[in-house]
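# here is my input, please return the structure:
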Amino acid sequence: MNLLKLRKHVLVGLFTCLSLPALAGPGLFDDEEARKAILDLRAKITALNTKLDAKLDEKADKTSLLDLNNQNEQLRSEIAALRGQIEVLMNELANAQKRQQDFYNDLDKRLRALEPKKLSVDGREVTIEQSEQRAFDAAMNLYKAGQYANAAAAFTSFNVSYANSIFSSQAQYWLGNSYYAQRDCKNTISALQTLLKNYPDSPKTSDAMLNIAACQIDLKDKKEARKTLEAVMAKFPGTDAAQAAKSRLPLTK
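Numbering: from 1, shown residues only. So this is what the prediction gives:
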């Protein structure tokens, strides 16, 4: 039985009690006693009403608190779910930012790889394309690795692709040396003579002439070998190259 039903039953009972003196007939109570009894009953009714109201209010408060707690729990669940979604979004944002940064870094690296590069070659400050630098370096790496046939092909290809390159004279010199390392004297002489003709100011001129003379000696062309060695001594007097040429003259006899 809930409080509202209890209150109803109490009020009905009290009403019944108040009605009893009238039903019992005159003489059971005098007026003063009746008034006192009525006041007492009214006081009891008031007290009961107050008590019942308090209990009802207490029940209402408890119900409100229970509802509020349920709402709070629901809100906490929703907040937790939102926080989870926020963490997922923040993680996705961080990953997207990292991918974007990686993309920009890669793009910047690619763009820089395409930009002309300043450097000093044979005492000259020049600006070259980085693709040009990479092609020459690749050929040199083949030579250093002892892959002379591949190096010769790479230097030949370089001079075709970059005919006006600052590296052209070096590529031509190392092309001759790639042939010389393979003991291909005819191609060595041809490549190094092209160097002397097209790049007379090359710092590799004296070395090229000495290698030409060595190949001429190997080919038993002593007359031409002697002429080449004497040309080295005349053109580069007092140098190590001139001394080397002089020491090889006996081989031309």
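# helices along the stretch 51-200 of the chain, start to end?
In the stretch 51-200 of the chain, the helices defined using DSSP state H, counting those that start in this stretch lie at 130-144, 148-161, 168-181, 185-198.
# so where do the strands sit in the chain?
For the chain, applying DSSP state E gives strands covering 117-121, 124-128.
# lowest average pLDDT across the ones you listed?
The minimum mean pLDDT among these belongs to strand 117-121 (a mean of 56).
# in the stretch 101-250 of the chain, what spans have low per-residue confidence?
103-104, 106-127 (pLDDT under 70).
# you'd agree A241 is up against N211?
No - applying CB atoms under 8 Å, one finds A241 not in contact with N211, separated by 11.0 Å. C-beta coordinates here come from the backbone N, C-alpha and C atoms, glycine included.
# between those two, which one's more packed in?
N211 (23 against 19; other CB atoms under 10 Å).
# tell me the domain boundaries of this protein?
Using automatic domain parsing, the domain parsing of the chain gives 3-83, 117-252.
# count the neighbours of N70 for me.
N70 is flanked by 10 other residues according to other CB under 10 Å.
# ugh, wrong one, I meant D218
13.
# with adjacent residues omitted, what lies nearest to it?
C185 (5.3 Å; CB to CB, 6 or more residues apart in numbering).
# could you do A135 as well?
F158 (5.2 Å).
# and if you look at K204?
Nearest one to K204, counting by CB to CB, 6+ apart, is Y173 at 4.2 Å.
# in contact with the one you found, which residues?
By CB atoms under 8 Å, 6 or more residues apart in numbering, Y173 lies in contact with 192, 195, 202, 204, 207-208.
# let's see it at 7 Å
The neighbourhood of Y173, defined by CB atoms under 7 Å, 6 or more residues apart in numbering, consists of 195, 202, 204, 208.
# need the contact list for F136.
F136 touches 158, 167, 171, counting by CB under 7 Å, 6+ apart.
# ramachandran coordinates for the second one?
Going back to what we said before, that points to F167. phi -90, psi 0 (degrees, to the nearest 10).
# skip the chain neighbours and tell me the closest residue to it.
Closest to F167 by CB to CB, 6+ apart is F136, at 4.5 Å.
# and stretch 200-219, which residues are buried?
Neighbour counts over stretch 200-219 (16 or more other CB atoms under 10 Å) mark 202, 204-217 as buried.
# and what of stretch 217-233?
Buried-residue list, stretch 217-233, by 16+ other CB under 10 Å: 217, 221, 224-226, 228-229, 231-233.
# got the phi and psi for N164?
Torsion angles, degrees, to the nearest 10, at N164: phi -100, psi 20.
# distance check, G176 against A234.
Distance, G176 to A234, using CB to CB, to the nearest Å: 21 Å.
# N141 too?
Taking CB to CB, one finds N141 at 36 Å from A234.
# before I go, just wanted to say thanks for your time.
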